[in-house]
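Chemist: I would like to see how this sequence folds:
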Amino acid sequence: MLFGSRARGDFTESSDYDVLYVDDIVPRDPRKVSNELFLKVLYMFPGEVDPVFMNTEIFLRKLKDGVPFLLQILEEGKVLERDEKFWEEVTKIFQEKRKEWERVGDVWRKKRSNDKEDFNF
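Modeler: Have a look, this model is predicted:
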């Protein structure tokens with residue numbers, strides 16, 4: 001998934017390509033990504049690439065936790081390749097988790113509940 005300025009369309013000639021790569025073949029520790037996979041992603045683009053590699057299980061757990069970084073990528077990003085079944089699951093989780101957050105510019109804030117403790121008397 002392409003994200004950042006290249007996905008939003010506000011890039012310059014010197015902007016890099018921010019890419020989120022999610023797959024079962026990505027090790028749980030992304031620092032252990034194979035050189036072959038790393039180079040595959042680098043060669044997908046004509047300029048400098050800043051890849052983020054994430055194991056599918058880790059990605060889904062973080063998405064279910066509502067990690068704002070992933071919510072923003074999913075909200076602004078452009079899907080380059082996808083597995084339809086996996087994408088349906090991701091979209092469903094994203095739609096539920098997105099309701100829990102409000103976004104002002106680049107700042108994400110967890111929405112407050114309407115509990116009595118949230119009111120000032």
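Chemist: which other helices and strands contact the longest helix seen in the chain?
Modeler: Counting by DSSP state H, the longest helix found in the chain is helix 84-98. Packing partners of helix 84-98 (3 or more C-beta pairs under 8 Å, 6 or more residues apart in numbering; DSSP states H and E): helix 56-64, helix 68-76. Yep, even glycine has a C-beta here, placed from its N, CA and C like the rest.
Chemist: got a markdown table for the ones you listed, with distance to Arg28, mean neighbour count and mean pLDDT too?
Modeler: What follows is the helices and strands packed on helix 84-98, written out as a markdown table (distance: least, C-beta to C-beta, whole Å; neighbours: other C-beta atoms under 10 Å; pLDDT from 0 to 100):
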| stretch | distance to Arg28 | mean neighbour count | mean pLDDT |
| --- | --- | --- | --- |
| helix 56-64 | 6 | 16 | 98 |
| helix 68-76 | 16 | 18 | 96 |
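Chemist: now render these as TSV, adding distance to Val49.
Modeler: Compiled in TSV, the helices and strands packed on helix 84-98 are given as follows (distance: least, C-beta to C-beta, whole Å):
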stretch	distance to Val49
helix 56-64	19
helix 68-76	15
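Chemist: of all the ones you listed, which one is nearest Lys92?
Modeler: helix 56-64 (10.2 Å; C-beta to C-beta).
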